[in-house]
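Asks: Starting from these lines, generate the structure:
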Amino acid sequence: GGCARGRFDTTLGFRPADRWLALAETFVDLPRGGARTVKAQISFVRLGDHWPGLQLGLRFRLDGEDGGEPALVIGFWRPDRGEIHR
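Replies: Here you go, the predicted structure:
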């Protein structure tokens with residue numbers, strides 16, 4: 001066997017205000033014997049105290065000939081209080 005694929009992710013974040021986070025990310029998939037894929041994502045996160053934060057952004061492919069296959073990113077972030085949830 002060995003490793004069937006590799007993945008390399010990078011993230012750059014900026015916090016312009018207490019409850020806002022801006023993210024720029026890249027994702028590189030390197031499957032053995034397959035085609036490499038490279039995707040980029042930009043998103044903004046509105047963090048909450050007692051409710052889940054909301055992430056909205058766009059993800060698109062950088063390696064395709066057709067210009068990217070854009071996708072909408074929607075995510076929910078929960079507040080981290082250092083508690084153990086069971």
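Asks: Tell me which residues touch the residue lying closest to Trp77 once chain neighbours are set aside, please.
Replies: Leaving aside its chain neighbours, Trp77 sits nearest to Gly53 (3.5 Å; criterion: CB to CB, 6 or more residues apart in numbering). For glycine as for every other residue, the C-beta is placed from the backbone atoms N, C-alpha and C. Contacts for Gly53 (CB atoms under 8 Å, 6 or more residues apart in numbering) come out as Val45, Arg46, Leu47, Phe76, Trp77, Arg78, Pro79.
Asks: could I get these as CSV with distance to Asp9 and pLDDT?
Replies: Below are the contacts of Gly53 laid out as CSV (distance: CB to CB, whole Å; pLDDT from 0 to 100):
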residue, distance to Asp9, pLDDT
Val45, 17, 94
Arg46, 23, 94
Leu47, 21, 88
Phe76, 20, 91
Trp77, 17, 86
Arg78, 21, 77
Pro79, 24, 66
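Asks: Got a ChimeraX select line for the buried ones in the residues you listed?
Replies: Buried members of the contacts of Gly53, defined by 16 or more other CB atoms under 10 Å, are picked up in ChimeraX with:
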select :45,47
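Asks: what sits opposite Gln55 in the beta ladder?
Replies: In this entry, Gln55 is beta-bridged to Val45, Gly75, by DSSP bridges.
Asks: could you check the distance from it over to Gly75?
Replies: 4 Å (CB to CB, to the nearest Å).
Asks: Of the two, which one has the most company?
Replies: Gln55 (17 against 12; other CB atoms under 10 Å).
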